[in-house]
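> pasting the sequence and the predicted coordinates here, then a few questions.
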2 protein chains.
Amino acid sequence: MDDDSVEGVVMTNREGAPILTNVSVTGATNYGRALHKFGLLSQMYVKELNPTEEIMIIRIRTRKNEIMVAPDKEFSIVVIQHARARRKVKEKREKNK
Amino acid sequence: MDDDSVEGVVMTNREGAPILTNVSVTGATNYGRALHKFGLLSQMYVKELNPTEEIMIIRIRTRKNEIMVAPDKEFSIVVIQHARARRKVKEKREKNK
């Protein structure tokens, strides 16, 4: 993972168990299970509001991190990125102007 | 609301009841209650993973819309925007180059 703003990536199976990751097994298991469950729950909420809708990605911006969850029936993908990455992206944009 | 890509805005109190909106009362009540509950649940998931963390905003990208939820103890703010807004933003950026 050459982008150092990415703290971790976890791919889980349909039960939320990690099948691919670049973090520790414990971290991947904790984040994988919790956010896989969160993804399924989010799909439920969105379908409750509009049965024809389907979630493609959820981005949770917290004080320190940005957590992205792509929930799918067969698997989930979770990416945890440092929130300061936002400043770096801005710096890169300003440099390329 | 002069930005026509915004489909609706709902501000709810701490129970999820709408206190400010630009959509119908039924729509505001449905979206407000469901997404207020969703915001509280999301806070719980994030705190389970890292007790020192706090959610600032959740963005749910679905096929048709982008739903933003800013969960707070006292109130929640929900914004529903058409997903096609993404293409308009790109068009605007290209025009301003």
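Looks like it arrived, so ask away. Numbering: from 1, shown residues only, chains lettered A, B, ... in the order given.

> please list all residues in contact with residue A:11.
The contact partners of residue A:11, taken as CB atoms under 8 Å, 6 or more residues apart in numbering or on different chains, are A:18-21, A:75-78. In this view, the C-beta of every residue, glycine as well, is placed from N, C-alpha and C.

> close to chain B: what parts of chain A are there?
A:30-31, A:34-35, A:37-38, A:41-42, A:45-46, A:48-50, A:52-65, A:67 (CB under 8 Å from any CB of the partner chain).

> how about the strand or helix carrying residue A:45: buried residues?
Assigned by DSSP states H and E, residue A:45 belongs to helix A:25-49. Within helix A:25-49, the residues that count as buried by 16 or more other CB atoms under 10 Å in any protein chain shown are A:27-39, A:42-43, A:45-46, A:49.

> try stretch A:11-25
The neighbour-count criterion (16+ other CB under 10 Å) identifies A:11-12, A:16, A:18, A:21, A:23 as the buried residues of stretch A:11-25.

> which of the residues you listed sit farthest apart?
Using CB to CB, the buried residues of stretch A:11-25 reach their maximum pairwise distance at A:16 and A:23, which is 15.1 Å.

> quick check: bridge partners of the most centrally placed residue in chain A?
With distances taken as CA atoms, centre = their mean, the residue of chain A nearest its centroid is residue A:68 (2.5 Å). Taking DSSP bridges as the rule, residue A:68 bridges to residue A:59, residue A:79.

> you'd agree it is up against residue A:61?
No - using CB atoms under 8 Å as the test, residue A:68 is too far from residue A:61 to be in contact (9.9 Å).

> need the residues touching each of those two.
In contact with both residue A:68 and residue A:61: no residue, using CB under 8 Å, 6+ apart.

> residues in contact with residue A:12?
A:18-19, A:32-33, A:36, A:75-78.

> where does pLDDT dip in chain A?
A:1-3, A:84-93, A:97 (pLDDT under 70).

> my read is residue A:4 is in a strand, agree?
No - looking at residue A:4 with DSSP: H, G, I helix; E, B strand; the rest coil, it is coil, so not inside a strand.
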